[in-house]
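Visitor: 3D, please:
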Amino acid sequence: MKRRVVFAGDSITHGGPWQYWLQEHYVTNFAFPGHTTSDLHDLLPSIIESLPEILIVMIGTNDFGKYRYSEDTVVSNILEVARKIKDSLGGIPVIWNSLTPRSDEFSQSMIEVNSRIRPQIEEMGFIYLDIYPLLKAKDENKLESSYCEDPDTFGLHLNSRGYEKWFETLGPLIKEKLSNL
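Guide: Purely as a prediction, here's the structure:
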């Protein structure tokens, strides 16, 4: 049975070949390059109107890069968006992905934000998918270079290998949650 699978987030989520991998479903991607938590907040009415049966979210890295917000502010922004999603779409499975590793001055902030949002995201009843360790370089807190599309600039965006690595974990989780509907 075809289900409505909705993605939301920034350029990292935007770049994934989700429709290709999830051809048996209706896939809508509300992720856009440069989007921040406030952009996602503004998109919530459209996301709700799309009637998702499962929602996959990753947001927050651009709050650092674009606005240079503090970790406290990014955590607060992420949790505010999560609460709005919970209030609006509380009955559907939500897979909330951790922030990915970065190869710039914000790399340590990703770890801090992930550790602070996880307990609250899980308390809301969302599935928290910690993809940080999947994509992290073996000996450094940065994106594994073989998964990185832009190692000489941001060190943030995934290449096809990075997306495949993410989907190795995300794909079965989506399938499991949809089979329970």
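
Visitor: contacts and neighbour counts: CA atoms only from here.
Guide: Fine.

Visitor: what sits up against the lowest-mean-pLDDT helix or strand in the chain?
Guide: Within the chain, no helix or strand scores below helix 61-65, which has a mean of 95 by mean pLDDT, DSSP states H and E. Applying Cα atoms under 8 Å, 6 or more residues apart in numbering, the contact partners of helix 61-65 are 10, 34-37, 69-70, 74, 99, 106, 110.

Visitor: between these, which is nearest Tyr128?
Guide: The shortest approach to Tyr128 among the contacts of helix 61-65 belongs to Leu99, at 10.8 Å (Cα to Cα).

Visitor: returning to what we had before: and the least confident helix or strand of the chain, which residues are buried?
Guide: Residues of helix 61-65 classed as buried: 61-64 (neighbour count, 16 or more other Cα atoms under 10 Å).

Visitor: with stretch 104-117 instead?
Guide: Within stretch 104-117, the residues scored as buried using 16+ other Cα under 10 Å are 104, 106-107, 109-111, 113-114, 117.

Visitor: cross the residues you listed against strands and list the overlap.
Guide: Nothing among the buried residues of stretch 104-117 maps onto strands, per DSSP state E.

Visitor: Asp150 reaches Leu156, doesn't it?
Guide: Yes - at 6.6 Å, Asp150 counts as touching Leu156 under the criterion of Cα atoms under 8 Å.

Visitor: higher neighbour count, the two?
Guide: Leu156 (25 against 14; other Cα atoms under 10 Å).

Visitor: quick one, what contacts that one?
Guide: Listed by Cα under 8 Å, 6+ apart, the contact partners of Leu156 are 100-103, 143, 148-150.

Visitor: okay, and it sits in which element?
Guide: Counting by DSSP states H and E, there is no helix or strand that carries Leu156.

Visitor: what pLDDT does it get?
Guide: Here, the pLDDT recorded for Leu156 equals 93.

Visitor: strands of the chain, start to end?
Guide: Ranges of strands in the chain, per DSSP E, are 4-9, 26-31, 54-58, 94-97, 127-129.
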